[in-house]
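Engineer: structure for this input, please:
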Amino acid sequence: MERLDQAKWARREIYEMFSKMDYPFYSVTIPVDVTEIKRLSKARGVSFYMLMVWVCTKALNFVPEFRIRIRGDELVVLDQANPSFTYMPKGSEVFKIVTLPWEPEWESFCRNAQEQSEQQTCFIRSGEETDSLIYFSCTPWFDFTALTNEHNFDKDDTVPRLAWGKYYQENGRLWVHLSVEVNHRTIDGFHIGALKAILDREIQHLGEQNPD
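Structural biologist: Numbers count the residues shown, from 1 in each chain. The predicted model follows:
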């Protein structure tokens, strides 16, 4: 983690402008081609959901603005943001929140995430819930084209929130609508565009590992 020098920060005036607003948050929903994720998860026997969490976390960490956190009067840039995601066991109608470190090997992460999700007996491990996270959720029962998240009103909350709905078919490909909710004090549309481009690239890389 490093401290961001606000005096030399190119976005300083933007940050100051949105800091004056009562509600500096916004959300966008973008279509993402997940065909290769579905193919690879099926071929390797891992969860599509866990693989989505992995690749989204990887892509997000490439964009420094998604790792900025407001802590009092200081801004810090995390070395790495880790995923915290909802998980609903089969046969249950009640979800829990699972948090674990991201790791660079996707198959190991997916299997560890699945194992921890199944073994966790409590709703949430509160001690692991810090501002160094990315919040993930999914609504596999339905697709959506817009989404808002619940949170306490805290203008310093800079934890990104990503969610997607049920995947759908279009032109022979599988897609999801990916919702990205952020704080405009630290993240602009340009940075979400960068995230989308990197995410598409990383999904393509995953497709290259598909034995089919």
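Engineer: now the host helix or strand of Ile134: mean pLDDT?
Structural biologist: Per DSSP states H and E, Ile134 falls inside strand 133-139. Taken as a whole, strand 133-139 carries a mean pLDDT of 97.
Engineer: got it, and stretch 77-93?
Structural biologist: Averaging pLDDT along stretch 77-93 gives 96.
Engineer: so which elements touch the longest helix seen in the chain?
Structural biologist: Taking DSSP state H as the criterion, the chain has its longest helix at helix 189-207. Other elements packing on helix 189-207 under the criterion 3 or more C-beta pairs under 8 Å, 6 or more residues apart in numbering; DSSP states H and E are strand 25-33, helix 35-44, helix 48-61, strand 173-183. C-beta here means a position set from N, CA and C on the backbone, and glycine is covered the same way.
Engineer: OK, contacts around the most centrally placed residue in the chain?
Structural biologist: Nearest residue to the geometric centre of the chain (C-alpha atoms, centre = their mean): Leu162, 4.3 Å. Applying C-beta atoms under 8 Å, 6 or more residues apart in numbering to Leu162 gives the contacts 56, 60, 134-137, 178-181.
Engineer: same question, Ala194
Structural biologist: Shown in contact with Ala194 (C-beta under 8 Å, 6+ apart): 62-63.
Engineer: now the longest helix of the chain: buried residues?
Structural biologist: 191-192, 194-196, 198-199, 202-203, 206 (16 or more other C-beta atoms under 10 Å).
Engineer: for those residues, which one is nearest Tyr23?
Structural biologist: Ile192 (18.0 Å; C-beta to C-beta).
Engineer: residues in contact with the closest one?
Structural biologist: Counting by C-beta under 8 Å, 6+ apart, Ile192 has contacts 28, 30, 180, 182.
Engineer: and the two most separated of the residues you listed?
Structural biologist: Most distant of those, by C-beta to C-beta, are Ile30 and Val182, 12.6 Å apart.
Engineer: between these two, tell me which one has more neighbours.
Structural biologist: Using other C-beta atoms under 10 Å as the criterion, Ile30 and Val182 rank with Val182 on top: 24 against 15.
Engineer: was I right to think that one contacts Pro160?
Structural biologist: Yes: using C-beta atoms under 8 Å, Val182 is in contact with Pro160, at 5.4 Å.
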